[in-house]
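S.K.: Have a look; sequence and predicted model below, questions after that.
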Amino acid sequence: MAKAKQPTIKDVARLAGVSKTTVGRVINGEDQSVAEATRERVLAAIAMLGYERNIVASSLRTDQTLMVALSIPDITNPFWPEVARGVQDACEAQGYTVALLNSDWDARREIAHLQTVRRNRFDGLLINPIRITNAELRALKTPAVLLGSGEAFPDFDSVGSDSAGAVTTALEHLIALGHTRIGLIAGISQRDRPDTRYHGYVEMLLRHGLPFDENLIVRCPYSQAGGVEAMHRLLSLAHPPTAVLAGNDILAIGALIAAREAGLIVPRDVSIIGIDDIQAASTTSPPLTTVAKPKYDIGVQAANLLLARIQGSGPEGPCHLWLRGELRVRETTCAPA
């Protein structure tokens, strides 16, 4: 069966008895000089025909597509849906559509995402970068905002969470409970950057005069299986920790599973704390104590910065925002036995 012909602006003009220019003014919101009765006839014709604006054709005239791209490294990580929701809500409020791109930690895909932005004439890009450089992002010649640390991107705005502050908050909670032998499950980052969680952990031990024991630090992939294996290694030590800080909630959930497999009761036998406050953190058994990152707010603020840049109303120089997390005390931490 032949595909039905989509109504055009010419069809709308014919039905409403006006010119294409008048229809264009109504569609683009530039109808101050259009009589109210005429405007109503145009809107009625649009509704009757089911006309939809041709964004591609419009972009050729206005050099705007009203579309932005959101490039993230791992769509399966529960951290990102809330960020994406914040981005979408902020963009839709100003009439923009968001295209989600997932690089899956593949540097070639990330480069392909830049090409997609250029080829499809996106108005802007929000990106949590893996391997691209400041120079490559400049060469894109499209407004862009970094999700996360902007240290390697001095020419661009960035909005991220204070990971170092999250480590400090988590360890202050454990130390205040009386823990002095605290393990760290440090995820292995796929980015070329300093390990914020490791350095924050070491600094906190020094600040509180606690002994540093390399055996209490286990590195593993950021996965639940990695958390299970890392926790088993910590529990197998001759002097295991009384509390464990996991680099994120996925690792912490793995640590909970491993403790249960070892026949331990959390938090009586060992306390566990995570970082992020993903949705699953409140549904574990027992519910996970964690440091909640402001995921939705990160998305909203990053999107608003990007839209300001697109519209030429952004701050004078690059803006770098760090949003602090909040402790969520649930049922996986208590004073050591």
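M.R.: Received it, and whenever you're ready, just let me know what you need.
S.K.: and G226, what does it touch?
M.R.: Remark: with contacts taken as CB atoms under 8 Å, 6 or more residues apart in numbering, G226 is in contact with I185, G187, C220, L251, G254. (Each C-beta comes from the backbone N, C-alpha and C, glycine too.)
S.K.: rerun that using 7 Å as the cut-off
M.R.: Contacts for G226 (CB atoms under 7 Å, 6 or more residues apart in numbering) come out as C220, L251, G254.
S.K.: Give me the subset of these lying in helices.
M.R.: If you go by DSSP state H, these have L251, G254 in helices.
S.K.: what's the closest of the contacts of G226 to L100?
M.R.: For the contacts of G226, the residue nearest L100 by CB to CB is L251; the value is 25.0 Å.
S.K.: ok so, going back, output the contacts of G226 as JSON lines; include the columns distance to N102, neighbour count and pLDDT.
M.R.: As requested, the contacts of G226 are exported to JSON lines (distance: CB to CB, whole Å; neighbours: other CB atoms under 10 Å; pLDDT from 0 to 100):
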{"residue": "C220", "distance to N102": "23", "neighbour count": "21", "pLDDT": "95"}
{"residue": "L251", "distance to N102": "21", "neighbour count": "31", "pLDDT": "97"}
{"residue": "G254", "distance to N102": "23", "neighbour count": "26", "pLDDT": "98"}
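S.K.: now the contacts of G226 as a markdown table including distance to A170?
M.R.: What follows is the contacts of G226, written out as a markdown table (distance: CB to CB, whole Å):
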| residue | distance to A170 |
| --- | --- |
| C220 | 18 |
| L251 | 12 |
| G254 | 17 |
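S.K.: helix or strand for G183, which one?
M.R.: Using DSSP states H and E, G183 maps to strand 182-187.
S.K.: Give me the spatial nearest neighbour of L114, chain neighbours excluded.
M.R.: Setting aside the residues directly before and after it, L114 is nearest to L140 in space (CB to CB, 6 or more residues apart in numbering), at 5.5 Å.
S.K.: For the one you found, list the residues it contacts.
M.R.: Counting by CB under 7 Å, 6+ apart, L140 has contacts L114, V117, R118.
S.K.: Let me know the secondary structure of the first one.
M.R.: Three-state assignment for L114 (DSSP: H, G, I helix; E, B strand; the rest coil): helix.
S.K.: and it, what is it in contact with?
M.R.: Contacts for L114 (CB under 7 Å, 6+ apart) come out as I132, E136, L140.
S.K.: Could you report the neighbour count for the second one?
M.R.: Pointing back at E136 there. Residues near E136, counting by other CB atoms under 10 Å, number 13.
S.K.: follow-up on the earlier one: elements contacting the strand holding G183?
M.R.: helix 196-207, strand 217-220, helix 224-235, strand 243-246, helix 249-261 (3 or more CB pairs under 7 Å, 6 or more residues apart in numbering; DSSP states H and E).
S.K.: Show me what the mean pLDDT comes to for stretch 136-149.
M.R.: Average pLDDT, stretch 136-149: 94.
S.K.: CA atoms only for it - export them in CSV, please.
M.R.: What follows is stretch 136-149, C-alpha atoms only, in CSV (Å, rounded to 0.1, in the frame of the first residue of the first chain):
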residue,chain,number,x,y,z
GLU,A,136,38.4,17.6,19.3
LEU,A,137,35.4,19.2,21.1
ARG,A,138,36.4,22.6,20.0
ALA,A,139,36.7,21.4,16.4
LEU,A,140,33.0,20.3,16.5
LYS,A,141,32.1,24.0,16.6
THR,A,142,28.8,23.2,18.4
PRO,A,143,27.9,24.4,21.9
ALA,A,144,28.8,21.7,24.4
VAL,A,145,28.6,21.1,28.1
LEU,A,146,30.5,18.4,30.0
LEU,A,147,28.7,16.1,32.4
GLY,A,148,31.3,15.4,35.1
SER,A,149,34.7,16.9,35.7
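S.K.: Excluding sequence neighbours, find me the nearest residue to the residue sitting nearest the centre point of the chain.
M.R.: By CA atoms, centre = their mean, the chain has its centre lying nearest to V83, at 3.9 Å. Among residues not flanking V83 along the chain, G299 sits closest, at 4.2 Å (CB to CB, 6+ apart).
S.K.: any idea which helix or strand carries that neighbour?
M.R.: Using DSSP H and E, G299 sits within helix 295-310.
S.K.: Quick check: which helices or strands does that helix pack against?
M.R.: Using 3+ CB pairs under 7 Å, 6+ apart, helix 295-310 sits against helix 79-92, strand 124-127, strand 144-147, strand 157-161, strand 320-323.
S.K.: how about low-confidence regions in this structure?
M.R.: For the chain, the stretches with pLDDT under 70 are 1-4, 28-29, 31, 53-63, 192-194.
S.K.: Out of the contacts of G226, which is nearest to H208?
M.R.: When the contacts of G226 are compared for distance to H208 (CB to CB), L251 wins out at 22.9 Å.
S.K.: and the residue nearest to that closest one when sequence neighbours are not counted, how many neighbours does it have?
M.R.: In this structure, L251 finds its nearest non-sequential neighbour in G227, 3.7 Å apart by CB to CB, 6+ apart. By the criterion of other CB under 10 Å, G227 has 31 neighbours.
S.K.: Fine by me, thanks again.
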